[in-house]
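Trainee: Make a model of this:
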Amino acid sequence: MKKRIITVCMIALLALPNCGYAYTSQHSYRSFYRAVGSKFGSLNKYFRNNFLFDVRYSPDLVARLKSWLENDEQLHFEIDRFLVDRQFVHALQNIAGEYAKKEWRFRHNKRIKDINGIKYSSTQHEQVPFGETDKYYTRRFNTHWPNARPNGRYPGKSFYWMFLLAGDEFPTNAPYYPIHQAGTGSVGITSTALVLSVTVDFYSIDKGLRSEERANSTRPFYWLVLPSWKKISRQPNEATAAQYVKDRLKIWLPI
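Mentor: So this is what the prediction gives:
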């Protein structure tokens, strides 16, 4: 009997790493469809009537973004000069790509890696994004764009800090929680598509130097729509996962 107990314990211990990996392979996120509810009217209507736009620089996308910002009465700053800068689109692609890397590492039980960096933790593996065991449960997942050139100067006219808020800043069933699954489909996306709730700070660049003060007094929200976590996890590595997402990235503008 004693030998049998020892054998069962040994089998359980050996199975633990695989159990952890099985969990990462099955974990899913709360429904964006349910989180939004009636906040923007019928979500099905908005997902099915061309309120989703490819994140590619175009006059149409710029016009839609301007309309979305102008709807927010708390935002009082010179919108045009920030949105006509192609760097804004690159910034949206950048934060989606960085999230895709994190998602890919989580699904493959890889070690934690810094945003825009190469450092790995010697002990910790990626946790459920924004869950209680993840470092971004209490810290914001933020990226900036563009990067400074070797001479320390910035290209373009604008600089953007983009954030996914910390996991503890909103309940998981709120539309501003950082990550959801769509929960409803449309042309070009599925109900398992990921939805990122992104907010942003705008800064001007003058002669290559970034302003110390942000232009916007309050932060607007955007919702980026990514391929499902299963599609992201099927990519051969995190770099290709990031590019895969950037090439298919959409933005949801309920206007």
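Trainee: Could you use CA atoms for every contact and neighbour count after this?
Mentor: Fine.
Trainee: element containing residue 163?
Mentor: Counting by DSSP states H and E, the element that carries residue 163 is strand 158-164.
Trainee: Packing partners of that strand?
Mentor: Of the remaining helices and strands, those touching strand 158-164 by 3 or more CA pairs under 8 Å, 6 or more residues apart in numbering; DSSP states H and E are helix 87-107, strand 141-145, strand 193-206.
Trainee: ok, the closest residue to residue 233 other than its chain neighbours - contacts?
Mentor: Using CA to CA, 6 or more residues apart in numbering and skipping the chain neighbours, the partner closest in space to residue 233 is residue 104 (5.1 Å). Contacts of residue 104 were listed using CA atoms under 8 Å, 6 or more residues apart in numbering, and they are 229, 232-233, 237-238, 241.
Trainee: buried subset of the residues you listed?
Mentor: Applying 16 or more other CA atoms under 10 Å to these, the neighbour count classes 229, 232-233, 238, 241 as buried.
Trainee: Tell me the helix or strand right after the lowest-mean-pLDDT helix or strand in the chain.
Mentor: Ranked by mean pLDDT, DSSP states H and E, the weakest helix or strand in the chain is helix 2-26, scoring a mean of 48. With elements assigned by DSSP H and E, the helix or strand that comes after helix 2-26 is helix 32-36.
Trainee: contact partners of that next one?
Mentor: 43, 173-175, 180-184, 195.
Trainee: What average pLDDT does the strand holding residue 163 get?
Mentor: Taken as a whole, strand 158-164 carries a mean pLDDT of 96.
Trainee: just to revisit the earlier point, so which of the contacts of residue 104 comes closest to residue 134?
Mentor: Within those, the smallest distance to residue 134 is 17.4 Å, found for residue 229 (CA to CA).
Trainee: For residue 28, which of the helices and strands packed on strand 158-164 is the nearest?
Mentor: Closest to residue 28 of those is strand 193-206 (CA to CA; 9.7 Å).
Trainee: still on that earlier bit, can you tell me the strand partners of the strand holding residue 163 and which way each runs?
Mentor: Based on DSSP bridges, the strands next to strand 158-164 in the sheet, each with its direction, are strand 141-145 (antiparallel), strand 193-206 (antiparallel).
Trainee: Flag the shaky bits of this structure, pLDDT-wise.
Mentor: Applying pLDDT under 70 to the chain flags residues 1-25, 38-50, 117-118, 186-188.
Trainee: okay, now residue 255: neighbour count?
Mentor: Burial of residue 255, expressed as a neighbour count using other CA atoms under 10 Å, amounts to 11.
Trainee: Setting aside sequence-adjacent positions, which residue approaches it most closely?
Mentor: Nearest to residue 255 is residue 68, by CA to CA, 6+ apart, at 6.5 Å.
Trainee: same thing with residue 174?
Mentor: On the basis of CA to CA, 6+ apart, the spatially nearest residue to residue 174 that is not a chain neighbour turns out to be residue 35, at 5.1 Å.
Trainee: Tell me, how many residues neighbour that neighbour?
Mentor: For residue 35, the neighbour count with other CA under 10 Å is 19.
Trainee: Distance-wise, check it relative to residue 209.
Mentor: 40 Å (CA to CA, to the nearest Å).
Trainee: ok so, going back, list just the one of the helices and strands packed on strand 158-164 that sits closest to residue 245.
Mentor: Across the helices and strands packed on strand 158-164, the minimum distance to residue 245, taken as CA to CA, is reached by helix 87-107, at 6.2 Å.
Trainee: what sits up against the helix or strand that comes right after that closest one?
Mentor: Secondary structure here is assigned by DSSP H and E; on that basis, the next helix or strand after helix 87-107 toward the C-terminus is strand 111-113. Contacts to strand 111-113, defined as CA under 8 Å, 6+ apart, come from residues 102, 105, 119-126.
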